[in-house]
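>>> structure for this input, please:
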Amino acid sequence: MEGNKDEAIKCLSLAQKYKDAGNLPSARKFCQKSINLFSTPEAAKLLESIDAAEASGSSSSSGPSTSNGNAQASSSSTETHPSASGAKHRSTGSANGTAGGMGGEKREFTAEQLKVVKRVKACKTTEYYEILSVKKDCEEAEIKKAYRKLALALHPDKNGAPGADEAFKMVSKAFQVLSDSQKRSIYDQSGSDPESRSGGMSSRGPGFSTSPFGGEGEMSPEDLFNMFFGGGGMAMNGGFGGGPFGGGPVFTASFGPGGFRTTRMRTNMGGAQAQQQGEGAQGRSLLMQFLPLILLIAFSFLSAIPDMFSTSIPDPQYSFSPSPRFNSERQTSGLGIKYHVNAHEFKNHRQIAADIAGGAQRRGSALSRFEGQVDQTYTNTLYGDCQRAVDRRQRRRDAEIGLFGVGTDWEKVKAIEAEKIDSCEELKRLGVIKS
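Numbering: from 1, shown residues only. So this is what the prediction gives:
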């Protein structure tokens, strides 16, 4: 039918693409689909060429020679189930390549996609800023923008290059850490994975903002991707939502301050099918298409109800090290801990600004409560460092003494025991632990 001609042309284009890449089964599938939608001489001609190519391939693979049978079987197996190294080698000679996917099917990738994978995997697993290619003092919007670009480029359904899965996981991990201000602050101080470092601090301080996707636990890369892009999923040739040429409505959700929003919705129905449906069926179909959007709006509204009647104001963010963002140094009135805040944000915080203007800091005031949380976070971090350092020192001492202490250099053992640990000494100075 004339209404299916555009989709038939798209299928034919995909079939030609797969044939050029040597993926004859996929080429046949899309070519046959094109003929079923709208028969054209070009599709029939392409199908004949695919049949000829398959016949030529089968005849060459089953030749009369038996002396090189093992070599032919190995070659055929390598072509059907290419290894990562083989795919990588082939891609250097051409802009397009293939890599083995699930079930042995070929997964396509370009030289540019392979370049992105190599760049990400060249980074260490905890070099989160380098993985996302952002500066250490960048804003949250830049982190989101970098993740959006890399996630689209590395998603396994779109990028078949060797190592794309691992690179995609590395990008997801980096975004989860850097988009959470508490984890990012800990990472900036330690340079290591904050999940292992903050294991003892289960309570989230009010001075830190939570991840834009909520939740305390770590998400899988796929869950994070679906939540960031609205849960549409990715098809090999169809982008987000539905089949390769359309289908149901496509929603993109923003989980930031702007709430949920719809960016695109399309309905693709064949002309004959649309004519056969009555007005009642069309109305029900339209309602079902809008139902996910209605549920999202209702959920967003219900989640916002507590905030409508709440008078509390979130505390400002802070850091223990200066940066262009945290450009004003302060000191807590309790333990005298130095911390840094954003001067504009701190000065315009209604409750804290009122406490500062009042002069003497009252017990139970917003400023007193805020600085108490700063003291607690700082001491918790020091305590974790102290415990790990004491454990390392004990292991060194035990290794020096050995099993029975025979031939032990006791002077060296005493020197190890007398070593001072900076984090423990700081806790003693603050009076958190006894000397």
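
>>> residue 288 and residue 433, how far apart?
Separation of residue 288 from residue 433 (C-beta to C-beta, to the nearest Å) stands at 62 Å. Glycine gets a C-beta too; all of them are placed from N, C-alpha and C.

>>> who's more crowded, these two?
Neighbours per residue (other C-beta atoms under 10 Å) separate residue 288 from residue 433, with residue 433 holding more: 15 against 11.

>>> and that one, what element?
Here residue 433, judged by DSSP states H and E, is contained in no helix and no strand.

>>> thought it was touching residue 424?
Yes: with contacts counted by C-beta atoms under 8 Å, residue 433 reaches residue 424, the gap being 7.2 Å.

>>> need the overlap of contacts for the two.
Overlap between the contact sets of residue 433 and residue 424, as judged by C-beta atoms under 8 Å, 6 or more residues apart in numbering, is given by residue 386.

>>> next one, pLDDT for the residue nearest to residue 30 when sequence neighbours are not counted please.
Setting aside the residues directly before and after it, residue 30 is nearest to residue 15 in space (C-beta to C-beta, 6 or more residues apart in numbering), at 3.9 Å. The predicted structure scores residue 15 at 87 on the pLDDT scale.

>>> which strands and helices lie in contact with the strand or helix carrying residue 15?
The secondary structure element spanning residue 15 is helix 5-20 (assigned by DSSP H and E). With contacts defined as 3 or more C-beta pairs under 8 Å, 6 or more residues apart in numbering; DSSP states H and E, helix 5-20 has these neighbours: helix 24-37, helix 41-61.

>>> ranges for the strands of the stretch 251-400 of the chain?
318-319, 328-331, 338-341 (DSSP state E, counting those that start in this stretch).

>>> other residues contacting the first one?
With C-beta under 8 Å, 6+ apart as the test, strand 318-319 has contacts from 185, 188, 207, 325-326, 339-341, 374.

>>> downstream neighbour of the longest helix anywhere in the chain in the secondary structure list?
Here the longest helix in the chain is taken by residue count, with DSSP state H as the criterion, and it is helix 366-401. Counting by DSSP H and E, the next helix or strand C-terminal to helix 366-401 is helix 410-418.

>>> between that next one and helix 366-401, how many degrees?
In this structure, helix 410-418 runs at an angle of 170 degrees to helix 366-401, with axes from the mean of the first three to the mean of the last three C-alpha atoms, to 10 degrees as the basis.

>>> quick thing: my sequence starts at 36, can you match it?
With the count now opening at 36, the last piece we talked about shows up as helix 445-453.

>>> what's in contact with helix 445-453?
428, 431-432, 435-436.

>>> try 10 Å
Applying C-beta atoms under 10 Å, 6 or more residues apart in numbering, the external contacts of helix 445-453 come out as 428-429, 431-436, 440, 444.

>>> just name whatever secondary elements the helix or strand following that helix is in contact with.
Sequence-wise, the next helix or strand downstream of helix 445-453 (DSSP H and E) is helix 457-465. Packed against helix 457-465, as judged by 3 or more C-beta pairs under 10 Å, 6 or more residues apart in numbering; DSSP states H and E, are the following elements: helix 401-436.

>>> look up how far residue 213 lies from the nearest residue to residue 256 once chain neighbours are set aside.
Counting by C-beta to C-beta, 6+ apart, residue 207 is the residue found nearest to residue 256 once chain neighbours are left out, at 3.6 Å. Here the criterion is C-beta to C-beta. By it, residue 207 lies 11 Å from residue 213.

>>> hang on, the earlier thing: out of the strands of the stretch 286-435 of the chain, deepest packed?
The densest packing among the strands of the stretch 286-435 of the chain, expressed as mean neighbour count by mean count of other C-beta atoms under 10 Å, is seen in strand 353-354 with a mean of 22.

>>> low-confidence regions, the protein specifically.
Counting by pLDDT under 70, the chain has low-confidence residues at 36-38, 93-142, 231-254, 261-318, 341-347, 394-399, 470.

>>> in three-state terms, label residue 217 for me.
helix (DSSP: H, G, I helix; E, B strand; the rest coil).
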